[in-house]
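>>> need coordinates for the following:
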Amino acid sequence: MCATFRIDFGEDEETLRDIARRIEERYGAERVASIGKADLFPKDEAPVVSKDGVGLLSWGFPLGGQPKVVFNARSETVQEKPFFRGSLVRRCAVPATAFYEWDKRGARPQRARLRVEAHPMFYLAALWNRFKKEDGTALNAFVLLTTAPNGLIAPFHDRMPAILLPETLDAWIADGPTTEAAMAAIGLFAGAMRLEAG
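Below you'll find the predicted structure:
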C-alpha cells in the first residue's frame, strides 16, 4: 500500500521542469515550492497529468463525510468495483521521484525509499473524479492504482504502486474507456529499481 511519495523538482529532468512550469503558471510559484519540499500523503494536493494537461488534485476519494479517504485501488479488481466505475474513463498519472514503503523484516520497522533506476522521474498510475464537498464546493481527487510487487519489494510488501514510464504514459491516459491496452500499461513493473534508507 503506497501511502507516501515524493516529487523533487530539483532533479535534472526536463519533463519535471516542464511540469513545474505549468503548475507555476496555473497556481503560482509558492505551490510548486511547497509540493517539491515535502513528502506527499493522502489528502495532500499533488500534480497530476491527464489528457487535459497538468493540474493539482487532492489525493484520495472521499467517503461520504467520513474523515478517511480511499487513496489506493487494486488494479486487478478496480473495473469490478462500483465505487470506481465513474472514474475508469478518467485515467491520469502522478509524477514522482520516489515512493516509500515500510520494511518490517527487522526488529524495528524501517522506512524504505524506492526509486526507478535510470529514470529520475516516473509516473504512478491513477484515476481521478470530481466530488461535491459538504459545503457544496467541488473536489477533484485521485486514487493511486496498485499492483503485484516486483522482486525488490515482494520480500517486505504484497503490493506496490503501478508504475508508468514515459513510453507507457500515453497508452494509460489516452481518452476513452479503460481497455485491455490501457491495463497492460500498468502490469507488473519489471524495470530496475533501487532501495534506499528512507
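
>>> so for stretch 151-169, what gets flagged as buried?
Leu152, Ile153, Phe156, His157, Arg159, Met160, Pro161, Ala162, Ile163, Leu164, Thr168, Leu169 (16 or more other CB atoms under 10 Å). (Each C-beta comes from the backbone N, C-alpha and C, glycine too.)

>>> equivalent analysis for stretch 6-17, please.
Those would be Arg6, Ile7, Phe9, Glu13, Thr15, Leu16, for stretch 6-17 by 16+ other CB under 10 Å.

>>> low-confidence ranges, this structure, go.
1 (pLDDT under 70).

>>> helices along that one, start to end?
Under the criterion DSSP state H, helices of the chain are mapped to 14-27, 29-36, 166-173, 180-184.

>>> for the shortest one, name the packing helices and strands.
The helices and strands touching helix 180-184, judged by 3 or more CB pairs under 8 Å, 6 or more residues apart in numbering; DSSP states H and E, are helix 166-173.

>>> relative orientation of the helix it packs on and helix 14-27 in degrees?
40 degrees (axes from the mean of the first three to the mean of the last three CA atoms, to 10 degrees).

>>> show me what helix 166-173 is packed against.
Packed next to helix 166-173, using 3+ CB pairs under 8 Å, 6+ apart, are strand 45-50, strand 91-96, strand 122-132, helix 180-184.

>>> what comes up buried for stretch 72-88?
Applying 16+ other CB under 10 Å to stretch 72-88 flags Asn72, Ala73, Ser75, Val78, Phe84, Ser87, Leu88 as buried.

>>> about what we covered before: any chance of the helices of the chain in JSON lines with distance to Gly191 as columns?
Shown next, in JSON lines, are those (distance: least, CB to CB, whole Å):
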{"stretch": "helix 14-27", "distance to Gly191": "17"}
{"stretch": "helix 29-36", "distance to Gly191": "24"}
{"stretch": "helix 166-173", "distance to Gly191": "10"}
{"stretch": "helix 180-184", "distance to Gly191": "15"}
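
>>> tell me which of those lies nearest to Ala112.
Closest to Ala112 of the helices of the chain is helix 29-36 (CB to CB; 21.3 Å).

>>> one step back: now for the buried residues of stretch 151-169: which two are most distant?
Farthest pair in the buried residues of stretch 151-169, by CB to CB: Phe156 and Leu169, 27.9 Å.

>>> how about Ala118, what does it touch?
Applying CB atoms under 8 Å, 6 or more residues apart in numbering, one finds that Ala118 lies in contact with Ala192.

>>> could you check how far it is from Ala192?
From Ala118 across to Ala192, the span is 7 Å (CB to CB, to the nearest Å).

>>> now do Lys43
32 Å.

>>> ok, now Gly28?
Between Gly28 and Ala192 the distance is 37 Å, computed by CB to CB.

>>> for the residue of the chain most remote from its centre, give me phi and psi.
Most distant residue from the mean C-alpha position of the chain: Ala107, 29.8 Å away (CA atoms, centre = their mean). Backbone torsions for Ala107, taken as degrees, to the nearest 10, come to phi -70, psi -30.
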